[in-house]
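Chemist: Make a model of this:
(chains A, B, C and D)
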2 protein chains.
Amino acid sequence: MKKEEKFKLSNSLRTFIKKKRKELGLTQVDLADKAGVGLRFIRELEQGKRSLQMDKVNQVLILFGYELGPAPMNREKLINEKS
Amino acid sequence: MKKEEKFKLSNSLRTFIKKKRKELGLTQVDLADKAGVGLRFIRELEQGKRSLQMDKVNQVLILFGYELGPAPMNREKLINEKS
DNA sequence: TTATTATATACCCTTTAGGGTATAAATACA
DNA sequence: TGTATTTATACCCTAAAGGGTATATAATAA
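Modeler: As a prediction, this is how the structure comes out:
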């Protein structure tokens, strides 16, 4: 496993956040402020850091009406997903 | 907000894990070993600690074929969910 | 081009997640 | 009952999450 892969999470979350943020026309700074988290956190989130704390992630997701939950993995994605 | 509520996460995850674990007839110790996390972590997870790290949670969920992902919140649950 | 804004990287620092372990309480089973 | 198993609580400790901030590198506009 390459070193960076250790820090990448399933693309869905990072792209989800980035997409939602753009849709609302927010900068990372805006989002950090609204969510009450640090700017560094938003960056690590959008860059796919795996070890983020759930509560912080949820502070962001809630702004979009979402929250973290268990979702069935699909193996197709596992195979095809680019790291 | 009562003090303990700060540490409770949406019931879905904690009950999901507990239910899946029971279905497989595993003890907390078994699950901790299989997931490669500490026993303490499994306990905090099943007790609803909010600030758990996503990667650790995923190590557990993967055993069940699941992973953390953004899920739309339903307001019904927000209102009715017992803390 | 240059100025402005957004994003990324790097560092210091405090707080805390979580491992390990011992003990206590609860549950199951003879 | 008592005994074994499972789960919960409490403590110490190390590694790292993440806040703040300064700097660097895009990206966009004038």
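
Chemist: what does chain A put close to chain B?
Modeler: A:9-10, A:12-13, A:16-17, A:50-58, A:61-62, A:64-73 (CB under 8 Å from any CB of the partner chain). All C-beta spots, glycine's among them, are computed from the backbone N, C-alpha and C.

Chemist: Contact distance from DNA strand C - what residues of chain A qualify?
Modeler: Chain A comes close to DNA strand C at residues A:T27, A:Q28, A:V29, A:R40, A:R43, A:E46, A:Q47, A:Q53, as judged by CB under 7 Å from any atom of the strand.

Chemist: what would those residues look like in a markdown table with neighbour count, distance to DNA strand D and pLDDT?
Modeler: Listed next are the residues of chain A next to DNA strand C as a markdown table, based on neighbours: other CB atoms under 10 Å in any protein chain shown; distance: CB to the nearest atom of the strand, whole Å; pLDDT from 0 to 100:
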| residue | neighbour count | distance to DNA strand D | pLDDT |
| --- | --- | --- | --- |
| A:T27 | 12 | 11 | 96 |
| A:Q28 | 16 | 11 | 96 |
| A:V29 | 10 | 9 | 96 |
| A:R40 | 10 | 5 | 96 |
| A:R43 | 12 | 8 | 96 |
| A:E46 | 18 | 12 | 96 |
| A:Q47 | 13 | 11 | 95 |
| A:Q53 | 15 | 3 | 97 |
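
Chemist: Can you flag which of the residues you listed belong to helices?
Modeler: The helices, defined by DSSP state H, take in A:Q28, A:V29, A:R40, A:R43, A:E46 from the residues of chain A next to DNA strand C.
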